[in-house]
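Novice: A predicted structure for the sequence below; I have some questions about it.
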Amino acid sequence: MTAAPHRDHGAEELCAAGVKLYEQALRDGRLRVEEAVEAPCLTRFGLLHPARDEPARLEPVAPAAALIRMLRGSRARIADEYRREDRLVEQFEPLMRTDGPRATGTGAGTPLLRLHSGTQRINQALTEAMEQARQEVLCIQPSAGMAGPRGEAAHDVAYHRDQRLLDRGGRIRTLFQHTVVHLPAVHAYNERLVGDIEGRCLDELTDRLIVMDRAVAFLPADDDGTLALEVRHPALVTYFVTTFDRLWRLATPVYPQPVRRPTLNGVTPRQRAIARLLVEGHTDTVIAERLGMNVRTTRDHIARLGTTLGSDSRAQLGYLIARSGILELEEATR
């Protein structure tokens with residue numbers, strides 16, 4: 001009776017025969033060549049190699065060494081893909097700025113999607129689109145900006161851009177993250193503007209988003225703020241507006257008239273947000289990232305929460321949060 005043919009597979013899913021023989025080789029130190037016939041994947045992946053002093057036998061490569069070698073190859077492939085992506089962006093970014101019906105498919109000379117590269121180009125595109133706006137700008141402003149950290153010059157450009165819209169009778173609605181709204185620069189910026197502006201805040205927000213007259217949207221296209229996507233597709237813009245409106249209804253007013261969120265059973269609103277993520281099992285680092293805080297501040301809030309609830313350990317804290325009912329009270333106050 002002949003053995004079933006060996007199934008092709010990758011190193012990340014070794015066949016049962018391969019795992020069994022590799023474990024045997026690690027225990028015994030060697031295998032006869034004929035024993036490894038049913039698992040040719042072991043030699044193909046470099047997990048077994050001929051013994052120097054006895055070519056008829058195979059010796060195993062240490063698992064740690066094999067893993068490092070395979071990971072190095074995987075990382076090299078990933079690096080190649082990143083380089084390929086960079087070349088594609090470099091090739092197509094100028095083409096995406098080309099206007100005309102053939103390039104856009106809209107028939108109106110305006111691209112449905114356009115990629116902007118670099119802080120200067122992003123700000124220029126925002127200014128150009130803002131000059132066309134007449135009614136309303138919706139903005140989601142988490143802890144990081146689309147075009148990177150703002151200096152005084154960038155703030156001045158944004159101020160004049162926003163003020164011209166307000167002078168035309170438009171309005172601006174902004175969703176802030178709680179960690180951003182109380183920053184002096186944000187407060188001073190809002191106080192400087194004159195017109196119909198309103199701000200609300202949430203503990204967690206999506207990445208930055210700007211929607212103008214419900215017709216064009218801007219959102220980040222990478223992690224470091226050097227690429228932004230301009231979207232004019234009606235279905236996508238409608239989706240962004242709907243998302244904004246739903247978040248807006250959940251948010252707490254902070255400007256022009258702030259609403260102070262209540263402390264429940266001695267637990268602050270910020271601590272309740274942390275408690276909700278704690279019971280979901282998130283680490284301090286993830287909680288800090290989602291709430292726009294640094295890890296040290298997050299741990300300080302967790303320690304205070306533990307003191308308030310009488311917790312002696314992280315495991316007990318989760319139990320006490322559930323038993324305290326503070327999360328249910330938070331939902332009831334929304």
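Specialist: Done, it's in. The shown structure was predicted, so the numbers you read here are calculated from the model rather than taken from an experiment.

Novice: Doesn't residue 137 belong to a helix?
Specialist: No - read with DSSP: H, G, I helix; E, B strand; the rest coil, residue 137 is strand and lies in no helix.

Novice: Identify the residue spatially nearest to it, adjacent ones excluded.
Specialist: Closest residue to residue 137 apart from its sequence neighbours, by CB to CB, 6 or more residues apart in numbering: residue 172 at 4.9 Å. (Each C-beta comes from the backbone N, C-alpha and C, glycine too.)

Novice: and the gap between the one you found and residue 156?
Specialist: 17 Å (CB to CB, to the nearest Å).

Novice: Residue 315 too?
Specialist: Taken as CB to CB, the span from residue 315 to residue 156 is 51 Å.

Novice: neighbour count winner among those two?
Specialist: Using other CB atoms under 10 Å, the more surrounded residue of residue 315 and residue 156 is residue 156, with 11 against 8.

Novice: quick check, the more buried one in a helix?
Specialist: Yes - applying three-state DSSP, one finds residue 156 inside a helix.

Novice: Give me the domain ranges for this structure.
Specialist: Recorded structural domains for the chain (assignment: automatic domain parsing) are 11-61, 107-255, 269-333.

Novice: want to throw the ones you listed into CSV with distance to residue 74 and mean pLDDT?
Specialist: Converted to CSV, those look like this (distance: least, CB to CB, whole Å; pLDDT from 0 to 100):
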stretch, distance to residue 74, mean pLDDT
domain 11-61, 9, 85
domain 107-255, 21, 82
domain 269-333, 24, 77
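
Novice: Select, out of those domains, the one closest to residue 72.
Specialist: domain 11-61 (12.1 Å; CB to CB).

Novice: What residues does the residue nearest to residue 127 when sequence neighbours are not counted make contact with?
Specialist: With CB to CB, 6+ apart as the criterion, residue 127 has its nearest non-adjacent residue at 5.4 Å, and that residue is residue 161. Listed by CB atoms under 8 Å, 6 or more residues apart in numbering, the contact set of residue 161 reads 126-127, 130-131.

Novice: Right, I'll leave it there.
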